[in-house]
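Enquirer: Got a predicted structure here, sequence first:
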Amino acid sequence: MDYFFRDTDYSLIEQHAEGEEEHEEDGHEDEHHFEGPTEFKNDAKEYGAIFDLSNNYFSQKMVINIADEDISIIGAEAFMNPTDNEEKSFGYYISNQLDRFHIDFGIRHDRISRSGSLSHEDHDEEGHEDEEHEEEIEYFDRDINNTSLAFSLGTDISDNLNLNFGYARVERAPSAVELFMNGPHLATGRFEVGNTNLDSETSNNIDIAFEYQNEGFFGEFTYFKNDIENYIYLRDETEEEHEEHEDEEEHGDHEGLILANYLQNDAEINGYEFQLGRVIDLEKGSLTLSFARDSFLASSRMAIIFQE
């Protein structure tokens, strides 16, 4: 049995300049206005164990992984309230050579718990416009169970050519950022808003690969197709949408940043990867020359906005 334990404590403090402003009344012009510092903290503990159950007939292993992660952002750029994430994963893998075919199969079950909150401004009634708005905090607990599996079948067509077929069904839970993000993210120049109603992504992936090797020459060609249900993506608000909602009180100006929302929709990605090359033996080593190309086509019902 192999096992490990990690205990990490990460902390980063950043200071951002808000920009140049004129302060004519004080006689100070074009000075930088600095907001307070922001502290990013990540405390995580992770334990894992691998049990080797191989015998004369099969190569097989069981895996257990347990992780607990606390994320907090405190200060001027606190774009997300503190979150607590717990993940437990259980996996099984088996591999075997059957005559001309090599078979691999793996399955993993994840039990994920994410706890976080969103802050909303509590707008006072009319007549109290000059008073500060109190924050109203809404708490969320998400328990998500996912199961993923993968299968591959490989065979040698000849002494120099190998064929491999793979299929995988992968479920991915939304991250804490995708669920609970709610504030200005200065690194991206956006006011990012998470979505507590996001479901897990489910990806069905198929790939077929050919590999060739002969006297220093090599080549690879892979075709892949990915069908993704509930694909999670970040979408920028268009200028038309901003103008349509800018008069609404709850919409706000988002501190002058682009509003971006986490959404999800179905997507499909098809493509190929191609590589040719040769290994040349030298007196004190070798030289590898290769040419590679890849291409893919993505289609979905997502409204994707490309920013120049």
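Expert: Thanks, I have the structure now.

Enquirer: partners of the host helix or strand of Arg235 in the sheet?
Expert: Using DSSP states H and E, the element containing Arg235 is strand 217-236. Strand 217-236 sits in its sheet next to strand 201-214 (antiparallel), strand 258-282 (antiparallel), going by DSSP bridges.

Enquirer: okay, those strands in JSON lines with mean pLDDT next?
Expert: Formatted as JSON lines, the strands paired with strand 217-236 follow (pLDDT from 0 to 100):
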{"stretch": "strand 201-214", "mean pLDDT": "97"}
{"stretch": "strand 258-282", "mean pLDDT": "94"}
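
Enquirer: Minimum distance to Phe79: which of these has it?
Expert: strand 258-282 (11.3 Å; Cβ to Cβ). (C-beta placed from N, C-alpha, C; glycine too.)

Enquirer: Just want the most central residue of the protein.
Expert: Ser175 (7.2 Å; Cα atoms, centre = their mean).

Enquirer: Show the contacting residues for it.
Expert: Applying Cβ atoms under 8 Å, 6 or more residues apart in numbering to Ser175 gives no contacts.

Enquirer: try Asp199
Expert: Counted by Cβ under 8 Å, 6+ apart, Asp199 has contacts 174, 230, 264.

Enquirer: Kindly report the same for Met181.
Expert: Here Met181 is in contact with 79-80, 192-194, 262 (Cβ under 8 Å, 6+ apart).

Enquirer: Point out the least confident one among those.
Expert: pLDDT is lowest at Phe79 among these; the value there is 84.

Enquirer: Poorly predicted segments of this structure, please.
Expert: Scanning the chain for pLDDT under 70 picks out 16-35, 121-134, 241-253, 255, 301-308.

Enquirer: Going by secondary structure, Glu69 is in what exactly?
Expert: Counting by DSSP H and E, Glu69 is found in strand 59-75.

Enquirer: Buried by neighbour count: which residues of whichever helix or strand comes after that strand qualify?
Expert: Per DSSP H and E, the first helix or strand lying C-terminal to strand 59-75 is strand 83-98. For strand 83-98, the neighbour count (16 or more other Cβ atoms under 10 Å) marks 83-85, 87, 89, 91-94 as buried.

Enquirer: same thing with stretch 141-156?
Expert: Those would be 142, 144, 146, 148-150, 152, 154, for stretch 141-156 by 16+ other Cβ under 10 Å.

Enquirer: cool, stretch 268-281 as well?
Expert: Neighbour counts over stretch 268-281 (16+ other Cβ under 10 Å) mark 269, 273 as buried.

Enquirer: hmm, who's touching it?
Expert: 216-228, 286-300.

Enquirer: Spit out the contact partners of the residue nearest to Phe165 when sequence neighbours are not counted.
Expert: Closest residue to Phe165 in three dimensions, ignoring its sequence neighbours and counting by Cβ to Cβ, 6 or more residues apart in numbering: Leu153, at 5.0 Å. Applying Cβ under 8 Å, 6+ apart to Leu153 gives the contacts 101-103, 164-166.
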